[in-house]
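Trainee: Generate coordinates for the sequence data below:
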Amino acid sequence: MHLDYYAELNGEQYRAVTTIDGPILIIAGAGSGKTRVITFRMAYMLEKGIPQSQILALTFTNKAAREMEERVKELTGRKLQNLTVSTFHAFGVRILRQDIERLGWRSNFSIYDETDRNQLIKETSREIGLAPESLDVYAVGNLFSNVKTGRWQWGITANVQYKELYEEYQKGLKIYNAVDFDDLITLPIQLFREFPEVLAAYRERYKYIMVDEFQDTSIQQYEFMHLLADKNVAVVGDDDQSIYSWRGANYENIRMFERDFPAVVEIRLEQNYRSTETILAAANGVISHNTNRKDKSLWSGNGSGKPIEIYMPENEADEADFIAESIQGICMEEKRSYDDFGVLMRTNTQGRAIEEAFLEANIPYMISGGSSFFEKKEIKDIISYLRVCANHDDDINLLRIINTPRRGIGRKTVEEINNVAKLLDCPLWTAMNVIVQAKRDLLDDDTLFADIDDELVKHRELLALPEHAFDIPLPELNIGTLQEMYDFIELITTQRAVLLGGKGLAKKVRALVDKIHYDEYLISEYQKNEKAARFKFLNIEHLLNSIETWENNPDNFDPSLFNWLNRITLLSRDDMEDDSFRGKVNLMTIHASKGLEFPVVFIPGAEEGIIPHARSLEEGEENVEEERRLFYVAITRARNKLFISSCRQRKRMQAVCECEPSRFLDEIPQQLVEYHEPQGTVDDQKMLAILSNMKLNLGNKQ
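Mentor: Presented below is the predicted three-dimensional model:
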């Protein structure tokens with residue numbers, strides 16, 4: 001398929017797409033079509049005969065990566081199975097799956113999320129004699145992340161009292177054959193440094209590299225890219241939209257790129273295709289007050305549009321009512337769907353009053369950024385038990401449950417089991433069986449040992465190992481630990497037989513939860529917060545009820561454990577949420593709105609102490625500049641209409657405090673602003689008209 005690039009792109013976009021050799025810095029203002037440029041650029045390279053396997057495009061979200069890949073396929077009419085469009089972290093996983101054994105892990109490592117990380121920190125603290133309840137585990141986890149990624153140093157910005165805990169945490173990751181999120185960048189860098197042949201292989205393959213949202217890259221991600229890149233590297237970004245310094249983003253990477261690639265060609269995309277001239281003029285007026293930036297001025301051909309409307313409600317309840325009433329009025333007058341609206345908050349705590357107003361007004365809404373039900377620790381624990389019962393050889397899930405709830409199989413024992421597994425090149429389950437079999441004279445249960453014998457015969461045949469291969473050095477474990485291992489094997493063996501036979505899966509899973517005393521475990525974990533323990537057990541109840549509903553569905557002809565596990569694997573994929581915002585108002589933080597756009601945007605809480613945030617006011621002008629970039633991002637999410645509200649008073653803790661309007665409001669050119677009063681309450685007749693209009697709009701979209 002031949003594309004007419006000149007007709008499809010404006011002048012600067014065309015230049016960015018067709019300049020494919022050498023280092024290129026593309027400064028892409030908000031709404032200037034950067035995704036279009038990246039996808040057309042890949043299509044152009046393919047048209048020029050560059051093999052798809054030589055192209056690597058890196059971005060920050062799975063959604064953005066999928067969108068880019070699909071658009072390139074549409075443009076070229078090709079399947080492109082060898083094209084690599086990936087997030088930084090997913091590409092790191094790909095590298096580690098291939099070569100992590102060089103660093104001492106096994107290739108089937110698990111990736112710990114924040115919940116798993118915090119649990120390991122708790123467990124590690126117990127191992128070294130620290131009381132977990134004395135730690136702020138969330139703060140310690142952030143400290144570990146900052147140390148690992150090089151942002152903090154022991155004794156300077158990181159408290160050395162946590163150094164031993166950090167070192168033991170690192171050992172624990174290896175023992176459990178796990179990596180945390182930061183490792184997905186730091187370990188590939190370590191691989192490239194320690195094994196030059198690995199780096200050489202990747203540099204030989206990927207001759208053309210592109211990086212999206214370059215202003216959001218951390219120092220480590222920059223180093224990752226710099227190691228991989230030879231000379232044909234294009235980075236696309238906008239320093240005015242750098243809003244992630246708190247997670248390591250470094251907008252100075254743009255300057256570093258110019259220094260490290262002196263032959264760089266700079267191309268600026270300043271024509272905005274999203275917003276009205278008024279909205280862009282407001283954004284330009286605000287961001288021009290930042291000093292450390294590349295000078296640019298967005299412009300639009302979309303017409304001047306409506307003024308920016310600013311409302312000064314008495315308090316957060318009035319503010320929430322104003323937002324709800326305005327949405328209802330605009331829906332009726334302009335025949336808009338609820339998903340045309342974005343309410344962008346600086347902090348999650350602003351959402352409570354707005355949610356209450358939406359519930360009162362029967363406005364459907366979706367909060368972005370909440371964790372999936374299937375990512376909650378208690379749900380992951382129970383599902384891991386079920387996965388191990390279904391498949392003994394699932395090392396990842398076995399390691400999750402081997403000492404959860406705690407049963408005396410601690411880190412040292414897990415390390416010993418790991419060593420046996422490595423010597424025999426077998427799963428951990430087989431290694432446990434070998435250890436227990438060797439000590440069968442101390443434990444007497446002929447029924448279970450028959451099952452263990454079968455396991456060993458099976459694996460001996462699978463691995464083609466001679467009899468004497470099991471005459472390896474075995475760990476000297478005390479009788480208590482050995483008994484716990486034996487009991488664990490018995491638990492999984494008997495539960496497997498129960499779960500895989502007959503009907504009534506939900507009832508069987510409930511019995512398993514009772515058998516392992518998971519309720520007692522939750523109470524012990526949350527001794528000082530009975531409410532949290534009860535809430536988590538209610539989540540398990542919800543899981544059990546959902547299993548029951550699924551197996552009682554008359555259309556479900558095979559309600560087996562295997563089918564249920566396959567089903568929830570698909571349900572918990574992040575791409576299942578793509579349609580979840582349809583027909584609902586989008587309520588989210590400004591950070592979560594990055595990359596999105598809405599016809600109508602509300603920015604509540606434009607007050608000193610909220611945006612700019614109180615913390616940034618204490619930490620200096622550089623932090624205020626990031627807050628200004630955040631406000632700029634919020635403004636530029638709006639296509640047609642922008643409402644900003646600033647309360648006169650706001651409740652903080654138990655006190656009512658006077659509020660001062662955000663300094664950023666004064667930075668919007670006053671000729672663009674109109675002060676706004678809320679629309680009157682929508683009566684019942686109007687509400688019926690709104691609901692009828694919503695149904696009509698949704699029907700047209702389907």
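Trainee: Run a quick neighbour tally on Glu476.
Mentor: Neighbour count for Glu476, taken as other C-beta atoms under 10 Å: 8. For every residue, glycine as well, the C-beta is placed using N, CA and C.
Trainee: got it, and Ile121?
Mentor: Neighbourhood size, Ile121 [other C-beta under 10 Å]: 24.
Trainee: before we move on, what SS does it have?
Mentor: For Ile121, the secondary structure call by DSSP: H, G, I helix; E, B strand; the rest coil comes out as helix.
Trainee: Checking Ile668 next. Helix, strand or coil?
Mentor: Ile668 ends up coil, using three-state DSSP.
Trainee: residue contacts, it?
Mentor: 282, 285-286, 308 (C-beta atoms under 8 Å, 6 or more residues apart in numbering).
Trainee: again, but for His591
Mentor: Neighbours of His591 in contact, by C-beta under 8 Å, 6+ apart: 243-244, 630.
Trainee: For the residue at the greatest distance from the centre of the chain, give me the pLDDT.
Mentor: Here the chain reaches farthest from its C-alpha mean at Asp441, the gap being 49.4 Å by C-alpha atoms, centre = their mean. Asp441 is assigned a predicted lDDT (pLDDT) of 73.
Trainee: coming back round to it: if you go by neighbour count, which of the contacts of His591 are buried?
Mentor: Neighbour-count burial (16 or more other C-beta atoms under 10 Å) applied to these gives 243-244, 630.
Trainee: which one of those residues sits closest to Ile479?
Mentor: Nearest to Ile479 among the buried ones among the contacts of His591: Tyr244, at 52.4 Å, using C-beta to C-beta.
Trainee: distance of that closest one from Gly237?
Mentor: According to C-beta to C-beta, to the nearest Å, Tyr244 stands 12 Å off from Gly237.
Trainee: who touches both of these two?
Mentor: Asp216.
Trainee: and the end-to-end length of stretch 248-262?
Mentor: From its first residue to its last, stretch 248-262 covers 25 Å (C-alpha to C-alpha, to the nearest Å).
Trainee: Please point out which parts of that stretch sit buried.
Mentor: 248-251, 253-254, 257, 261.
Trainee: Show me which of those residues is closest to Val673.
Mentor: For the buried residues of stretch 248-262, the minimum distance to Val673 (C-beta to C-beta) is 28.5 Å, reached by Tyr251.
Trainee: Any chance of the backbone angles for Cys657?
Mentor: Here is the backbone geometry of Cys657 (degrees, to the nearest 10): phi -110, psi 140.
Trainee: SS state for the nearest residue to it once chain neighbours are set aside?
Mentor: Spatial nearest neighbour of Cys657, excluding adjacent residues (C-beta to C-beta, 6 or more residues apart in numbering): Arg650 at 5.9 Å. Per three-state DSSP, the secondary structure class of Arg650 is strand.
Trainee: ok, Arg650 touching Pro313?
Mentor: No - counting by C-beta atoms under 8 Å, Pro313 is not a contact partner of Arg650; they are 9.9 Å apart.
Trainee: just to revisit the earlier point, the buried residues of stretch 248-262 in strands, which ones?
Mentor: Within the buried residues of stretch 248-262, no residue falls in strands by DSSP state E.
Trainee: wait, which of those is closest to Leu269?
Mentor: Ile254 (14.4 Å).
Trainee: For the closest residue to the closest one other than its chain neighbours, what are phi and psi?
Mentor: Counting by C-beta to C-beta, 6+ apart, Asp239 is the residue found nearest to Ile254 once chain neighbours are left out, at 5.7 Å. For Asp239, the backbone dihedrals (degrees, to the nearest 10) come out as phi -60, psi -20.
Trainee: how much space is there between Asp239 and Val37?
Mentor: The spacing between Asp239 and Val37, counted by C-beta to C-beta, is 17 Å.
Trainee: For the buried ones among the contacts of His591, point out the one with the lowest pLDDT.
Mentor: Lowest pLDDT among the buried ones among the contacts of His591: Tyr244, 81.
Trainee: Relative to His591, how far out is that residue?
Mentor: 7 Å.
Trainee: hang on, the earlier thing: so which of the buried ones among the contacts of His591 comes closest to Ile156?
Mentor: The closest of those, once distances to Ile156 are taken by C-beta to C-beta, is Tyr244, at 22.7 Å.
Trainee: How about the contacts made by the residue lying closest to that closest one once chain neighbours are set aside?
Mentor: With sequence-adjacent residues excluded and distances taken as C-beta to C-beta, 6+ apart, Tyr244 is closest to Asp216, at 5.2 Å. By C-beta under 8 Å, 6+ apart, Asp216 lies in contact with 60, 237, 242-244, 249.
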